[in-house]
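**Q** pasting a predicted model and its sequence here:
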Amino acid sequence: MPFTGQCHCGGVRYRITGEAIGVIVCHCRDCQQMHGNANAMLAAPKDSVLLDAAETLTWYESSPSAERGFCTRCGGRLFKRPRQGDRLLVSAGTIDPPTGMKTIRNVWVESKGDWYESPG
Ligand SMILES: [Zn+2]
Ligand SMILES: [Zn+2]
């Protein structure tokens, strides 16, 4: 803490200053279609994620309940922002390592791809 991270091209850079809760791996169809597979996301308080660079950041409404933040230059997907609640989900792979975080939960396992074993 604090975490820093960025998309592949660096057009979007951020800092997480608050208490991160842990990593959630989401196996839903939305994540599969946007990330190419399940997506690991770090849950953090919304107001603790500060943008240091955002000139290429665009928000896409991925469902009625959430928006996804991605980079229009490199295509990197960094954020999921649920409309409800006070958490922002940050794609764990975009965080500068080491994170020291653990996976706390797998969600939407019932819709996971059939090419890998269930994480349990
Ligand atoms: Zn980028
Ligand atoms: Zn998902």
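**A** It's in. Ligands and ions are numbered 1, 2, ... in the order given.

**Q** can you give me the strands for this protein?
**A** 3-6, 12-16, 22-26, 39-45, 49-54, 57-63, 66-71, 77-82, 87-91, 103-107 (DSSP state E).

**Q** beta partners of the residue minimising distance to the centre of the chain?
**A** Nearest to the geometric centre of the chain sits Ser91, at 2.5 Å (Cα atoms, centre = their mean). On the basis of DSSP bridges, Ser91 is bridged to Met41.

**Q** Thr17 versus that one, what's the distance?
**A** Distance, Ser91 to Thr17, using Cβ to Cβ, to the nearest Å: 18 Å. Backbone N, C-alpha and C define where each C-beta goes, glycine included.

**Q** now swap in Gly75 and tell me
**A** Gly75 is 27 Å from Thr17, by Cβ to Cβ.

**Q** tell me which of those two has more neighbours.
**A** For Gly75 and Thr17, the more surrounded residue by other Cβ atoms under 10 Å is Thr17, and the numbers stand at 15 against 12.

**Q** surely Arg81 touches Trp59?
**A** Yes: taking Cβ atoms under 8 Å as the definition, Arg81 is a contact partner of Trp59 at 7.3 Å.

**Q** can you list residues touching both of these two?
**A** Any residue near both Arg81 and Trp59 by Cβ atoms under 8 Å, 6 or more residues apart in numbering counts here, and that gives Glu67, Arg68, Gly69.
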